[in-house]
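In: okay, sequence plus prediction incoming.
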Amino acid sequence: MWRLIVLLALLVSSCTQADIPATQNANSPADSGNKEEIAMKLRSDAFMDGSLIPVKYTCQGDDMNPALKWDGAPEGTKSFALIVDDPDAPMGTWIHWLVKGIPSNAREIKEDSVPGIEVGNSFGSEPYGGPCPPSGTHRYFFKLYALDVEMLDADNSDDFYIEAEKHKIAEAFLMGRYKKS
């Protein structure tokens, strides 16, 4: 038995780092040899990642979208798509905003603006619907996708999620929290 243990230990110790596949974070760039890449990053001047979203951008305020900015879009980006959703909703993920066809040269979405074509959300409309949790503090994810197509073939939320995943070449996330007062 001890010989088997020694043999297994020798086998495991003979593996090199090159034998073990690298895992990759959704925001980390792929290894591209000598070319250094920057991961796409999404931010807002209205709130920091993980912090509280100001009332102005919620159902208790002006119910307008916050300004968003990004950099690090990969070469080959033909457009961007944006999903804003709340995974903490009592009946499953609540979709607050879906936008497709954001131009490839865009690097920001201005406050209270429509940067592309809106698709229906969980409110049964197309415009941005701000955070409005029925109870407790919820997390709101702003997800920006760099895409390999100029326009997603998606006219409803189910197709939007599928098509965005299918055509993404990079993604970036920003999360804010909100609780009604």
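Out: Noted; the coordinates are in hand. Numbering: from 1, shown residues only.
In: return the distance of the closest residue to residue 118 other than its chain neighbours relative to residue 140.
Out: Leaving aside its chain neighbours, residue 118 sits nearest to residue 126 (3.9 Å; criterion: C-beta to C-beta, 6 or more residues apart in numbering). Where you see a C-beta, it was placed from the backbone N, CA and C, and this is true even at glycine. Going from residue 126 to residue 140 by C-beta to C-beta, to the nearest Å gives 18 Å.
In: and what of residue 81?
Out: Separation of residue 81 from residue 140 (C-beta to C-beta): 17 Å.
In: higher neighbour count, these two?
Out: A direct count of neighbours by other C-beta atoms under 10 Å for residue 81 and residue 140 places residue 81 higher, at 28 against 24.
In: list the contacts of residue 90.
Out: Residue 90 is in contact with residue 134, counting by C-beta atoms under 8 Å, 6 or more residues apart in numbering.
In: do you know how far the residue nearest in space to the middle of the chain is from residue 150?
Out: Among the residues of the chain, residue 143 comes closest to the average C-alpha position under C-alpha atoms, centre = their mean, at 2.3 Å. Distance check for residue 143 against residue 150: by C-beta to C-beta, it reads 19 Å.
In: list the contacts of residue 68.
Out: 42, 43, 44, 82, 108, 109, 142, 144, 174.
In: so the third one sits right up against residue 70, yeah?
Out: The reference is to residue 44. No: Residue 44 lies out of contact with residue 70 (C-beta atoms under 8 Å); the separation is 10.0 Å.
In: strands - which of the contacts of residue 68 land there?
Out: 42, 43, 82, 108, 109, 142, 144, 174 (DSSP state E).
In: residue 99: which of these is nearest?
Out: Set against residue 99, the nearest of the ones in strands among the contacts of residue 68 by C-beta to C-beta is residue 82 (4.4 Å).
In: residue contacts, the closest one?
Out: So residue 82 contacts 68, 97, 98, 99, 102, 109, 115, 116, 142, 143, 144, 145 (C-beta under 8 Å, 6+ apart).
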